[in-house]
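**Q** Sequence first, predicted model second:
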Amino acid sequence: MVDNIYHEDCLKFMRRACRQKFFVDVIVTSPPYNIDKGYSMYNDKISRRQYLKWMNKVANLSMPILRDNGSFFLNIGGTLLDPLIPFQVLQEFLKAGYKLQNTIHWIKSISFDKVDVGKNSQVRDNFSVGHFKPIISNRFLTDLHEFIFHFSKTLKTPLDKLSIGVPYQDKTNIGRWKSTKQDKRDRGNVWFIPYATIQKGRPHPAVFPEKLPKFCLMLHGIRPDLVVYDPFIGAGTTASACINLDVKYVGTEIDEQYVRIARDNVIASRQSAKEM
Ligand SMILES: C[S@@+](CC[C@H](N)C(=O)[O-])C[C@H]1O[C@@H](n2cnc3c(N)ncnc32)[C@H](O)[C@@H]1O
């Protein structure tokens, strides 16, 4: 089954995988948010009841195919007028038996005041980084954030935190703690991952940056036999991350047009991985 992108409903795939005793170590995905996104085929505006029931099925059917020490990373956001979507979907996953091991905040843009950056930095002015699309409103702040819920079956999935670690700001920490042997600390649960600047038109309306699944997979821990599943693989970003990390992937997508794009992206990723 591995290293394939199936043109198939993810629920149907997961039932089949369960019957065939096919197991995965990590699931990383971003489902439709039910916010009327302009997908070419999928209708992203169904009743809230129907949507949550569907998310509950996704959670329930994924349980038996995910290994006991596996990780399910669910990227989800809401809208300014409907900010509760992520929390309601979270509830459905908890109802299905998942435990919320970590809540990661995916930050798309952020601003710093020079005074807060630290006296040793080279920074001369206040500055902002990342993609920013202002909204016209005197009530709401621009939303620069989405969630990545990290679920496990028992809260006991071990993580390779330093694989995505960052240097200490205060280097005296290196000698201070017995466990600290190098200038690297846990990145924490706030991840700044900007979108790449897109020159051509967008072939899929809701892709995440490749760094997002890459960080999730590295955090779970890379092993040569690792198998990753993305039930809603869209343009194949998770598969590209897997190819670049040299791990096995499988994906499902109901829209034939996106399946074609994903398969083309897989070929391109394999080619550039070979050239490196
Ligand atoms: C948010 S997008 C995922 C984008 C992906 N993370 C990427 O970077 O390209 C959600 C995708 O789920 C697909 N989808 C909707 N219902 C599905 C189903 N039942 N089974 C599989 N895919 C489905 C949609 O066509 C859409 O491409």
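**A** The structure has been received and is ready for your questions. Numbering: from 1, shown residues only.

**Q** CA only for contacts and neighbour counts going forward, please
**A** Fine.

**Q** Excluding chain neighbours, give the residue nearest to V123 in space.
**A** K114 (6.4 Å; Cα to Cα, 6 or more residues apart in numbering).

**Q** no no, K53
**A** Nearest to K53 is E92, by Cα to Cα, 6+ apart, at 7.8 Å.

**Q** wait, is F151 part of a strand?
**A** Yes. Membership of F151 in a strand is supported by DSSP: H, G, I helix; E, B strand; the rest coil.

**Q** Can you give me the pLDDT of I198?
**A** Model confidence at I198, given as pLDDT, is 68.

**Q** One more: I174?
**A** For I174, pLDDT reads 74.

**Q** Now do the helix or strand harbouring it: which elements does it pack against?
**A** Following DSSP states H and E, one finds I174 within helix 173-176. Of the remaining helices and strands, none touches helix 173-176 by 3 or more Cα pairs under 8 Å, 6 or more residues apart in numbering; DSSP states H and E.

**Q** and the next helix-or-strand element following it, which strands flank it?
**A** Going down the chain from helix 173-176, the next helix or strand is strand 190-192, by DSSP H and E. According to DSSP bridges, strand 190-192 forms sheet pairs with strand 99-107 (parallel).

**Q** Are the partner strand and the ligand in contact anywhere?
**A** No. Strand 99-107 does not reach the ligand (Cα under 6 Å from any ligand atom); its nearest approach is 13.8 Å.

**Q** do the same with stretch 148-157
**A** No. On the criterion Cα under 6 Å from any ligand atom, stretch 148-157 is out of touch with the ligand, staying 12.1 Å away.

**Q** and that stretch, how far apart are its ends?
**A** Taking Cα to Cα, to the nearest Å as the measure, stretch 148-157 stretches 16 Å from start to finish.

**Q** Then stretch 246-263?
**A** End residues of stretch 246-263 are separated by 17 Å (Cα to Cα).

**Q** How about it and the ligand, any contact?
**A** Yes. Against the ligand, stretch 246-263 shows contacts by Cα under 6 Å from any ligand atom at 252-255.

**Q** Please apply the same query to stretch 13-32.
**A** Yes. Counting by Cα under 6 Å from any ligand atom, the ligand has neighbours in stretch 13-32: 29-32.

**Q** could those go into a markdown table alongside secondary structure, pLDDT and neighbour count?
**A** Shown next, in a markdown table, are the residues of stretch 13-32 next to the ligand (DSSP: H, G, I helix; E, B strand; the rest coil; pLDDT from 0 to 100; neighbours: other Cα atoms under 10 Å):
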| residue | secondary structure | pLDDT | neighbour count |
| --- | --- | --- | --- |
| T29 | strand | 98 | 24 |
| S30 | coil | 98 | 21 |
| P31 | coil | 98 | 18 |
| P32 | coil | 98 | 21 |
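
**Q** correct me, but A235 touches I261?
**A** Yes. Using Cα atoms under 8 Å, A235 makes contact with I261 at a distance of 5.6 Å.

**Q** Enumerate the residues of this protein near the ligand.
**A** Residues of the chain lying near the ligand (Cα under 6 Å from any ligand atom): 9-10, 29-32, 42, 206-208, 231-237, 252-255.

**Q** Quick one, which of those residues are buried?
**A** Among the residues of the chain next to the ligand, the ones that count as buried by 16 or more other Cα atoms under 10 Å are 10, 29-32, 207-208, 231-237, 252-255.

**Q** Would you mind finding the longest helix in the chain?
**A** helix 256-275 (DSSP state H).

**Q** Do a quick rundown of the helices in the stretch 101-250 of the chain.
**A** 114-117, 173-176, 211-220, 237-245 (DSSP state H, counting those that start in this stretch).

**Q** rank these by pLDDT, which is bottom?
**A** helix 173-176 (a mean of 72).

**Q** List of residues touching that one?
**A** Residues outside helix 173-176 that contact it (Cα atoms under 8 Å, 6 or more residues apart in numbering): 168, 180-183.

**Q** same deal with stretch 99-107?
**A** Contacts for stretch 99-107 (Cα under 8 Å, 6+ apart): 94, 144-155, 189-194.
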